[in-house]
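Asker: Here is a sequence together with a model predicted from it:
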Amino acid sequence: MFILQSAAQLEKAIIKAKKTRTQVKFIKFGVYAVRGSKGNFYTVKCERGEHGEKIVSCDCKAGQSVKPLVCFHAASALALHTGLARQRQTA
Ligand SMILES: [Zn+2]
C-alpha cells in the first residue's frame, strides 16, 4: 500500500505498464483486477483516506513489501481509476 502524492511517483511504473500492455478489469469503482506478467491477476484498490489522501494498494509482492514500490499493476489501475473519477465529478 502506498499513498499517491505526485505523478512523478508513477513515472517508472507507467512506462512499464505501457510496455507490458496489461489488461485491467473493472470490478467496481475503486477496485480493479490487473493482469500480472505471469497471466495471473492482482487486485488493486484505489481509495480515499480520512484526510483525502489517495491510497493505493496492490496484492502483488512489490505492493506487499515493507517499502512498497509503485508496481505497474497499480499504475495501470490508476490510469483507469482517474479517468472514471473524473467522469463522476463532471457527471
Ligand atoms: Zn502490483
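Answerer: That came in fine, so what should we check first?

Asker: Show me what the mean pLDDT comes to for stretch 42-56.
Answerer: The average of the pLDDT scores along stretch 42-56 is 94.

Asker: quick one: contacts of it?
Answerer: Contacts of stretch 42-56 from elsewhere in the structure, counted by CB atoms under 8 Å, 6 or more residues apart in numbering, are 1-4, 27, 30-36, 57-60, 63, 70, 73-74, 76-78, 81. In short, each C-beta sits where N, CA and C put it, glycine included.

Asker: try 10 Å this time
Answerer: Residues outside stretch 42-56 that contact it (CB atoms under 10 Å, 6 or more residues apart in numbering): 1-5, 9-10, 22, 24-25, 27, 29-36, 57-63, 68, 70-71, 73-78, 80-82, 84-85.

Asker: just how off-centre is that stretch within its chain?
Answerer: Relative to its parent chain, stretch 42-56 has a centroid offset of 9 Å by CA atoms, centre = their mean, to the nearest Å.

Asker: Quick one: the helices in the chain, in order.
Answerer: Ranges of helices in the chain, per DSSP state H, are 11-20, 61-64, 72-90.

Asker: closest one to the ion among those?
Answerer: For the ion, the closest of the helices of the chain is helix 72-90, at 3.4 Å, according to CB to the ion.

Asker: what does this protein have sitting close to the ion?
Answerer: Contacts of the chain with the ion, taken as CB under 5 Å from the ion, map to 42, 58, 60, 63, 71, 73.

Asker: Counting neighbours, which bits of the helix or strand of the chain with the lowest mean pLDDT end up buried?
Answerer: None of the helices or strands of the chain scores lower by mean pLDDT, DSSP states H and E than helix 61-64, at a mean of 78. Of the residues in helix 61-64, those scored as buried under the neighbour-count criterion (16 or more other CB atoms under 10 Å) are 62, 63.
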